[in-house]
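[1] Please work out how this folds:
(chains A and B)
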Amino acid sequence: MAGTDDDGDSPRGTISPAERDAFRKRAKDLENRLGGVTKKRTSRERQQRPSPWSSPAAGRAMRFAVELVVGVAVGGFIGWFLDGQFGTRPWLLVVFVILGFAAAINNIIRVAREMQAETEARQRATPAVPDNEDDD
Amino acid sequence: MAIIAASPMEQFKIERISDLEMFGMDVSFTNSSMMMVASVALISFFMILSMRGRSLVPNRVQSIAEMIYEYVADMVRSTLGEKGMKFFPWVFSLFSFILVLNLLGMIPGTFTSTSHIIVTFALAAMVWIVVTAVGFYNHGIGFLKMFVPAGVPWPLLLIIVPIEIISYLIRPISHSVRLFANMMAGHTLLKVFGGFVVSLGAFGIAPLLFMVAFTGLEILVAFLQALVFAVLTCIYLNDGLNMHH
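    Just a heads-up that it's a prediction; the model follows:
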(Lines give C-alpha, C1' and ligand atoms only; values in the text may rest on other atoms or scores of the structure.)
Protein backbone atom coordinates (compact mmCIF):
# COMPACT_ATOMS: atom_id res chain seq x y z
CA MET A 1 0.00 0.00 0.00
CA ALA A 2 2.37 2.73 1.17
CA GLY A 3 5.15 3.03 -1.39
CA THR A 4 3.13 1.83 -4.39
CA ASP A 5 0.85 4.83 -4.63
CA ASP A 6 3.29 6.95 -6.62
CA ASP A 7 3.12 4.97 -9.84
CA GLY A 8 1.38 7.70 -11.85
CA ASP A 9 1.84 7.66 -15.63
CA SER A 10 3.48 11.08 -15.82
CA PRO A 11 7.23 10.69 -16.23
CA ARG A 12 9.19 12.11 -13.35
CA GLY A 13 12.34 13.88 -14.44
CA THR A 14 15.31 12.07 -13.10
CA ILE A 15 14.19 8.46 -12.75
CA SER A 16 14.42 6.23 -15.78
CA PRO A 17 11.68 3.61 -16.27
CA ALA A 18 14.16 0.84 -15.55
CA GLU A 19 15.18 2.44 -12.26
CA ARG A 20 11.62 2.98 -11.31
CA ASP A 21 10.83 -0.65 -12.00
CA ALA A 22 13.74 -1.71 -9.86
CA PHE A 23 12.61 0.63 -7.11
CA ARG A 24 9.07 -0.64 -7.27
CA LYS A 25 10.33 -4.20 -7.10
CA ARG A 26 12.36 -3.40 -4.04
CA ALA A 27 9.43 -1.68 -2.39
CA LYS A 28 7.21 -4.66 -3.13
CA ASP A 29 9.83 -6.98 -1.73
CA LEU A 30 10.16 -4.99 1.44
CA GLU A 31 6.43 -4.85 1.82
CA ASN A 32 6.12 -8.61 1.50
CA ARG A 33 8.85 -9.13 4.06
CA LEU A 34 7.34 -6.61 6.41
CA GLY A 35 3.92 -8.16 6.01
CA GLY A 36 5.31 -11.58 6.89
CA VAL A 37 7.08 -10.26 9.97
CA THR A 38 4.06 -8.26 11.11
CA LYS A 39 1.77 -11.23 10.73
CA LYS A 40 4.13 -13.46 12.66
CA ARG A 41 4.54 -10.89 15.38
CA THR A 42 0.87 -10.12 15.84
CA SER A 43 -0.01 -13.78 16.11
CA ARG A 44 2.79 -14.27 18.58
CA GLU A 45 1.79 -11.22 20.57
CA ARG A 46 -1.75 -12.39 20.63
CA GLN A 47 -0.65 -15.70 22.07
CA GLN A 48 1.60 -14.11 24.63
CA ARG A 49 -0.68 -11.30 25.67
CA PRO A 50 -0.35 -11.18 29.44
CA SER A 51 -3.78 -12.10 30.62
CA PRO A 52 -4.90 -13.77 33.83
CA TRP A 53 -6.84 -16.24 31.74
CA SER A 54 -3.99 -17.29 29.51
CA SER A 55 -3.49 -20.46 31.52
CA PRO A 56 -2.99 -23.69 29.60
CA ALA A 57 -6.12 -25.62 28.80
CA ALA A 58 -5.08 -28.35 31.23
CA GLY A 59 -5.28 -25.88 34.09
CA ARG A 60 -8.83 -24.99 33.16
CA ALA A 61 -9.85 -28.60 32.72
CA MET A 62 -8.43 -29.47 36.11
CA ARG A 63 -10.29 -26.57 37.67
CA PHE A 64 -13.59 -27.93 36.42
CA ALA A 65 -12.88 -31.60 37.10
CA VAL A 66 -12.27 -30.88 40.78
CA GLU A 67 -15.55 -29.01 40.94
CA LEU A 68 -17.44 -32.08 39.69
CA VAL A 69 -15.79 -34.50 42.08
CA VAL A 70 -16.34 -32.24 45.08
CA GLY A 71 -19.94 -31.52 44.10
CA VAL A 72 -20.92 -35.17 43.92
CA ALA A 73 -18.96 -36.04 47.07
CA VAL A 74 -20.46 -33.25 49.17
CA GLY A 75 -23.94 -33.93 47.82
CA GLY A 76 -23.51 -37.59 48.69
CA PHE A 77 -22.30 -36.73 52.16
CA ILE A 78 -25.24 -34.41 52.87
CA GLY A 79 -27.67 -37.08 51.63
CA TRP A 80 -26.01 -39.79 53.68
CA PHE A 81 -26.10 -37.60 56.79
CA LEU A 82 -29.76 -36.68 56.35
CA ASP A 83 -30.60 -40.33 55.70
CA GLY A 84 -29.10 -41.18 59.06
CA GLN A 85 -31.19 -38.46 60.69
CA PHE A 86 -34.51 -39.43 59.12
CA GLY A 87 -33.96 -43.16 58.66
CA THR A 88 -34.70 -43.10 54.94
CA ARG A 89 -31.54 -44.99 54.06
CA PRO A 90 -30.90 -44.93 50.37
CA TRP A 91 -33.31 -42.30 49.09
CA LEU A 92 -31.96 -38.94 50.23
CA LEU A 93 -28.49 -40.10 49.26
CA VAL A 94 -29.64 -40.66 45.69
CA VAL A 95 -31.43 -37.33 45.57
CA PHE A 96 -28.53 -35.36 47.00
CA VAL A 97 -25.90 -36.97 44.77
CA ILE A 98 -27.91 -35.73 41.82
CA LEU A 99 -28.39 -32.32 43.42
CA GLY A 100 -24.66 -32.15 44.15
CA PHE A 101 -23.89 -32.94 40.54
CA ALA A 102 -26.27 -30.21 39.41
CA ALA A 103 -24.69 -27.79 41.88
CA ALA A 104 -21.24 -28.58 40.49
CA ILE A 105 -22.42 -27.94 36.94
CA ASN A 106 -24.02 -24.73 38.18
CA ASN A 107 -20.70 -23.57 39.66
CA ILE A 108 -18.79 -24.50 36.52
CA ILE A 109 -21.21 -22.62 34.29
CA ARG A 110 -21.04 -19.55 36.53
CA VAL A 111 -17.26 -19.45 36.60
CA ALA A 112 -16.98 -20.17 32.88
CA ARG A 113 -19.45 -17.41 32.10
CA GLU A 114 -17.50 -14.89 34.17
CA MET A 115 -14.29 -15.90 32.50
CA GLN A 116 -15.86 -15.60 29.07
CA ALA A 117 -17.27 -12.16 29.80
CA GLU A 118 -13.82 -11.22 31.03
CA THR A 119 -12.08 -12.47 27.90
CA GLU A 120 -14.58 -10.75 25.64
CA ALA A 121 -14.19 -7.44 27.45
CA ARG A 122 -10.45 -7.78 27.12
CA GLN A 123 -10.67 -8.54 23.41
CA ARG A 124 -12.88 -5.53 22.83
CA ALA A 125 -10.46 -3.34 24.73
CA THR A 126 -7.41 -4.40 22.71
CA PRO A 127 -7.83 -4.79 18.95
CA ALA A 128 -6.63 -8.16 17.77
CA VAL A 129 -4.65 -6.66 14.88
CA PRO A 130 -2.86 -3.44 15.76
CA ASP A 131 -3.70 -0.57 13.45
CA ASN A 132 -0.31 0.09 11.90
CA GLU A 133 -1.50 1.80 8.75
CA ASP A 134 -0.85 5.51 8.89
CA ASP A 135 -3.57 7.72 7.52
CA ASP A 136 -1.27 9.81 5.34
CA MET B 1 19.56 -44.83 50.87
CA ALA B 2 17.10 -45.07 53.68
CA ILE B 3 15.71 -41.68 52.81
CA ILE B 4 15.28 -42.57 49.15
CA ALA B 5 13.63 -45.88 49.95
CA ALA B 6 11.10 -44.10 52.14
CA SER B 7 7.52 -43.94 50.98
CA PRO B 8 6.50 -41.12 48.65
CA MET B 9 4.15 -39.80 51.32
CA GLU B 10 6.99 -39.34 53.80
CA GLN B 11 7.55 -35.80 52.57
CA PHE B 12 4.12 -34.70 53.79
CA LYS B 13 4.80 -35.62 57.38
CA ILE B 14 4.32 -32.86 59.92
CA GLU B 15 7.16 -32.59 62.38
CA ARG B 16 7.03 -30.60 65.57
CA ILE B 17 9.84 -28.15 65.98
CA SER B 18 8.81 -26.86 69.37
CA ASP B 19 5.91 -28.15 71.40
CA LEU B 20 3.34 -25.64 72.42
CA GLU B 21 -0.07 -25.97 73.99
CA MET B 22 -2.65 -23.26 74.26
CA PHE B 23 -6.16 -23.53 75.75
CA GLY B 24 -5.86 -27.28 75.75
CA MET B 25 -5.07 -27.38 72.04
CA ASP B 26 -1.92 -28.52 70.36
CA VAL B 27 -0.53 -25.46 68.62
CA SER B 28 3.04 -26.67 68.25
CA PHE B 29 5.33 -24.85 65.90
CA THR B 30 5.79 -27.36 63.07
CA ASN B 31 7.74 -27.54 59.86
CA SER B 32 4.56 -26.44 58.11
CA SER B 33 4.31 -23.32 60.29
CA MET B 34 7.98 -22.66 59.69
CA MET B 35 7.48 -22.63 55.93
CA MET B 36 4.57 -20.23 56.31
CA VAL B 37 6.61 -17.89 58.47
CA ALA B 38 9.47 -18.16 55.98
CA SER B 39 7.08 -17.36 53.15
CA VAL B 40 5.68 -14.26 54.86
CA ALA B 41 9.17 -13.10 55.79
CA LEU B 42 10.43 -13.66 52.26
CA ILE B 43 7.55 -11.75 50.68
CA SER B 44 7.92 -8.86 53.12
CA PHE B 45 11.67 -8.60 52.67
CA PHE B 46 11.41 -8.86 48.91
CA MET B 47 8.69 -6.25 48.62
CA ILE B 48 10.27 -3.80 51.06
CA LEU B 49 13.79 -4.14 49.69
CA SER B 50 12.80 -4.07 46.04
CA MET B 51 10.66 -0.97 46.43
CA ARG B 52 13.15 0.89 48.60
CA GLY B 53 14.66 2.72 45.66
CA ARG B 54 11.26 3.81 44.34
CA SER B 55 12.96 4.93 41.18
CA LEU B 56 10.91 6.12 38.25
CA VAL B 57 12.88 3.83 35.96
CA PRO B 58 12.85 0.58 37.94
CA ASN B 59 15.83 -1.65 38.22
CA ARG B 60 15.45 -5.39 37.74
CA VAL B 61 14.26 -6.31 41.20
CA GLN B 62 11.87 -3.41 41.41
CA SER B 63 10.35 -4.27 38.06
CA ILE B 64 9.68 -7.83 39.26
CA ALA B 65 7.78 -6.44 42.25
CA GLU B 66 5.91 -4.02 39.99
CA MET B 67 5.09 -6.80 37.55
CA ILE B 68 3.50 -8.92 40.29
CA TYR B 69 1.64 -5.89 41.59
CA GLU B 70 0.28 -4.94 38.20
CA TYR B 71 -0.61 -8.52 37.32
CA VAL B 72 -2.80 -8.88 40.38
CA ALA B 73 -4.12 -5.32 40.21
CA ASP B 74 -5.17 -5.86 36.61
CA MET B 75 -6.93 -9.09 37.57
CA VAL B 76 -8.80 -7.51 40.49
CA ARG B 77 -9.76 -4.45 38.48
CA SER B 78 -11.04 -6.41 35.50
CA THR B 79 -13.16 -8.75 37.64
CA LEU B 80 -14.41 -6.47 40.39
CA GLY B 81 -14.15 -3.04 38.81
CA GLU B 82 -12.63 0.04 40.36
CA LYS B 83 -14.60 -0.24 43.59
CA GLY B 84 -13.23 -3.73 44.12
CA MET B 85 -9.73 -2.31 44.46
CA LYS B 86 -10.21 -2.01 48.20
CA PHE B 87 -9.90 -5.78 48.27
CA PHE B 88 -6.68 -5.66 46.31
CA PRO B 89 -4.32 -5.88 49.33
CA TRP B 90 -6.11 -8.99 50.51
CA VAL B 91 -6.09 -10.72 47.13
CA PHE B 92 -2.48 -9.74 46.60
CA SER B 93 -1.52 -11.20 49.99
CA LEU B 94 -3.34 -14.43 49.24
CA PHE B 95 -1.75 -14.73 45.83
CA SER B 96 1.80 -14.02 46.94
CA PHE B 97 1.48 -16.18 50.06
CA ILE B 98 0.30 -19.21 48.10
CA LEU B 99 2.74 -18.59 45.26
CA VAL B 100 5.74 -18.41 47.57
CA LEU B 101 4.58 -21.43 49.60
CA ASN B 102 4.25 -23.43 46.38
CA LEU B 103 7.60 -22.31 45.02
CA LEU B 104 9.44 -22.83 48.31
CA GLY B 105 8.07 -26.35 48.33
CA MET B 106 9.86 -27.01 45.05
CA ILE B 107 13.23 -26.65 46.77
CA PRO B 108 14.40 -30.16 47.69
CA GLY B 109 14.26 -30.88 51.38
CA THR B 110 11.65 -28.26 52.19
CA PHE B 111 8.06 -28.80 53.16
CA THR B 112 5.06 -27.77 51.06
CA SER B 113 2.43 -26.32 53.37
CA THR B 114 -0.11 -26.08 50.56
CA SER B 115 -0.01 -29.87 50.13
CA HIS B 116 -2.04 -30.16 53.32
CA ILE B 117 -5.76 -29.73 52.86
CA ILE B 118 -6.20 -28.11 56.25
CA VAL B 119 -3.97 -25.22 55.20
CA THR B 120 -5.71 -24.67 51.88
CA PHE B 121 -9.10 -25.19 53.48
CA ALA B 122 -8.35 -22.53 56.07
CA LEU B 123 -7.52 -20.11 53.26
CA ALA B 124 -10.58 -21.08 51.23
CA ALA B 125 -12.83 -20.88 54.28
CA MET B 126 -11.52 -17.40 54.97
CA VAL B 127 -12.37 -16.41 51.39
CA TRP B 128 -15.84 -17.91 51.76
CA ILE B 129 -16.53 -16.17 55.05
CA VAL B 130 -15.29 -12.83 53.74
CA VAL B 131 -17.43 -13.16 50.59
CA THR B 132 -20.51 -14.01 52.65
CA ALA B 133 -19.84 -11.14 55.06
CA VAL B 134 -19.29 -8.69 52.21
CA GLY B 135 -22.50 -9.89 50.59
CA PHE B 136 -24.61 -9.37 53.71
CA TYR B 137 -22.87 -6.06 54.43
CA ASN B 138 -23.61 -4.70 50.95
CA HIS B 139 -27.04 -6.17 50.32
CA GLY B 140 -28.39 -6.92 53.77
CA ILE B 141 -30.83 -9.79 53.91
CA GLY B 142 -31.32 -9.35 50.16
CA PHE B 143 -28.11 -11.29 49.66
CA LEU B 144 -30.21 -14.41 50.16
CA LYS B 145 -31.88 -13.59 46.84
CA MET B 146 -28.73 -14.97 45.26
CA PHE B 147 -30.17 -18.41 45.93
CA VAL B 148 -33.45 -17.55 44.20
CA PRO B 149 -32.85 -16.70 40.55
CA ALA B 150 -35.33 -14.21 39.17
CA GLY B 151 -37.91 -15.25 36.61
CA VAL B 152 -38.08 -18.90 37.54
CA PRO B 153 -41.55 -20.49 37.96
CA TRP B 154 -42.11 -21.54 41.55
CA PRO B 155 -42.31 -25.33 41.06
CA LEU B 156 -38.80 -25.21 39.65
CA LEU B 157 -37.61 -23.23 42.66
CA LEU B 158 -38.09 -26.37 44.76
CA ILE B 159 -35.18 -27.89 42.85
CA ILE B 160 -33.17 -24.79 42.03
CA VAL B 161 -32.90 -23.31 45.51
CA PRO B 162 -31.30 -26.43 47.03
CA ILE B 163 -28.96 -26.63 44.03
CA GLU B 164 -27.94 -23.00 44.47
CA ILE B 165 -27.39 -23.48 48.19
CA ILE B 166 -25.31 -26.62 47.69
CA SER B 167 -23.25 -24.96 44.98
CA TYR B 168 -22.57 -22.10 47.36
CA LEU B 169 -21.61 -24.52 50.14
CA ILE B 170 -19.23 -26.60 48.04
CA ARG B 171 -17.24 -23.57 46.93
CA PRO B 172 -14.74 -23.50 49.80
CA ILE B 173 -14.25 -27.25 49.44
CA SER B 174 -13.57 -27.27 45.72
CA HIS B 175 -11.52 -24.11 46.15
CA SER B 176 -9.23 -25.81 48.67
CA VAL B 177 -9.19 -29.31 47.16
CA ARG B 178 -8.00 -27.93 43.84
CA LEU B 179 -4.87 -26.37 45.30
CA PHE B 180 -4.13 -29.16 47.73
CA ALA B 181 -4.66 -31.96 45.20
CA ASN B 182 -2.46 -30.33 42.60
CA MET B 183 0.39 -29.77 44.99
CA MET B 184 0.18 -33.17 46.64
CA ALA B 185 -0.16 -35.11 43.40
CA GLY B 186 2.76 -33.29 41.83
CA HIS B 187 5.09 -33.82 44.76
CA THR B 188 4.11 -37.47 45.14
CA LEU B 189 4.75 -38.13 41.47
CA LEU B 190 8.14 -36.46 41.67
CA LYS B 191 9.05 -38.63 44.62
CA VAL B 192 7.85 -41.83 42.97
CA PHE B 193 9.89 -41.13 39.86
CA GLY B 194 12.83 -40.17 42.03
CA GLY B 195 12.62 -43.69 43.49
CA PHE B 196 12.63 -45.15 39.96
CA VAL B 197 15.82 -43.28 39.11
CA VAL B 198 17.61 -44.98 41.99
CA SER B 199 16.20 -48.47 41.62
CA LEU B 200 16.68 -48.70 37.85
CA GLY B 201 20.41 -48.06 38.05
CA ALA B 202 21.83 -47.23 34.61
CA PHE B 203 18.38 -47.17 33.05
CA GLY B 204 17.42 -44.52 35.56
CA ILE B 205 18.30 -41.93 32.95
CA ALA B 206 14.80 -42.23 31.45
CA PRO B 207 12.86 -41.33 34.61
CA LEU B 208 15.53 -38.74 35.33
CA LEU B 209 14.83 -36.98 32.03
CA PHE B 210 11.13 -37.17 32.76
CA MET B 211 11.72 -35.64 36.17
CA VAL B 212 13.63 -32.72 34.72
CA ALA B 213 10.68 -31.94 32.46
CA PHE B 214 8.18 -32.60 35.19
CA THR B 215 9.95 -30.29 37.62
CA GLY B 216 9.51 -27.51 35.09
CA LEU B 217 5.84 -28.39 34.83
CA GLU B 218 5.53 -28.39 38.61
CA ILE B 219 6.93 -24.88 38.80
CA LEU B 220 4.33 -23.85 36.24
CA VAL B 221 1.63 -25.57 38.30
CA ALA B 222 2.88 -23.81 41.44
CA PHE B 223 2.36 -20.48 39.74
CA LEU B 224 -0.86 -21.51 38.03
CA GLN B 225 -2.56 -22.78 41.16
CA ALA B 226 -1.73 -19.62 43.08
CA LEU B 227 -3.19 -17.68 40.19
CA VAL B 228 -6.30 -19.86 39.97
CA PHE B 229 -6.86 -19.43 43.68
CA ALA B 230 -6.65 -15.66 43.36
CA VAL B 231 -8.83 -15.57 40.24
CA LEU B 232 -11.55 -17.63 41.89
CA THR B 233 -11.33 -15.45 44.99
CA CYS B 234 -12.06 -12.47 42.74
CA ILE B 235 -14.93 -14.24 41.00
CA TYR B 236 -16.50 -15.26 44.31
CA LEU B 237 -15.97 -11.79 45.70
CA ASN B 238 -17.80 -10.44 42.69
CA ASP B 239 -20.90 -12.29 43.91
CA GLY B 240 -20.66 -10.57 47.27
CA LEU B 241 -20.07 -7.15 45.75
CA ASN B 242 -22.28 -7.07 42.69
CA MET B 243 -24.54 -10.07 43.22
CA HIS B 244 -25.46 -10.73 39.63
CA HIS B 245 -26.29 -14.20 38.50
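[2] do the worst-scoring helix or strand of chain A on mean pLDDT and chain B meet?
    Ranking every helix and strand in chain A by mean pLDDT, DSSP states H and E puts helix A:17-48 at the bottom, with a mean of 76. No - using CB under 8 Å from any CB of the partner chain, we find that helix A:17-48 stays clear of chain B, coming within 14.0 Å at best. To be clear about C-beta, it is placed using only N, CA and C from the backbone, and glycine gets the same treatment.
[3] And that helix, what's buried?
    Residues of helix A:17-48 classed as buried: none (neighbour count, 16 or more other CB atoms under 10 Å in any protein chain shown).
[4] just checking, what packs against the next helix or strand after that helix?
    Counting by DSSP states H and E, the next helix or strand C-terminal to helix A:17-48 is helix A:57-86. Judged by 3 or more CB pairs under 8 Å, 6 or more residues apart in numbering or on different chains; DSSP states H and E, helix A:57-86 is in contact with helix A:89-125, helix B:154-169, helix B:171-199, helix B:205-242.
[5] does residue B:152 sit in a helix, a strand or a coil?
    Following DSSP: H, G, I helix; E, B strand; the rest coil, residue B:152 is assigned to coil.
[6] Can stretch B:72-90 be said to contact chain A?
    Yes - under the criterion of CB under 8 Å from any CB, chain A is reached by stretch B:72-90 at B:74-75, B:78-79.
[7] So which of these is the closest to residue A:119?
    Using CB to CB, residue B:78 comes nearest to residue A:119 of the residues of stretch B:72-90 next to chain A, at 9.9 Å.
[8] What strand or helix carries the closest one?
    Under the criterion of DSSP H and E, residue B:78 resides in helix B:60-80.
[9] Go through that helix and flag the buried ones.
    Using 16+ other CB under 10 Å as the burial criterion, the residues of helix B:60-80 that qualify are B:62, B:65, B:68, B:71-72, B:75-80.
[10] now do stretch B:218-237
    By 16+ other CB under 10 Å, the buried positions in stretch B:218-237 come out as B:218, B:221-222, B:224-237.
[11] Near chain A, list only the ones from those.
    Filtering these for proximity to chain A (criterion: CB under 8 Å from any CB) leaves B:221, B:224, B:227-228, B:231-232, B:235.
[12] Using TSV, please lay out these together with pLDDT.
    Below are those laid out as TSV (pLDDT from 0 to 100):
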residue	pLDDT
B:221	89
B:224	88
B:227	89
B:228	88
B:231	88
B:232	89
B:235	87
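[13] so which of these would you say is closest to residue B:176?
    The closest of these to residue B:176 turns out to be residue B:232 (CB to CB; 10.6 Å).
[14] The closest one and residue A:115, how far apart?
    10 Å (CB to CB, to the nearest Å).
[15] what's the answer for residue B:73, then?
    Distance of residue B:73 to residue A:115, given as CB to CB: 18 Å.
[16] so where's the chain shaky on pLDDT?
    Since no chain was named, I'll use chain A. A:1-14, A:41-62, A:122, A:126-136 (pLDDT under 70).
[17] nope, chain B
    Ranges of chain B meeting pLDDT under 70: B:1-6, B:244-245.
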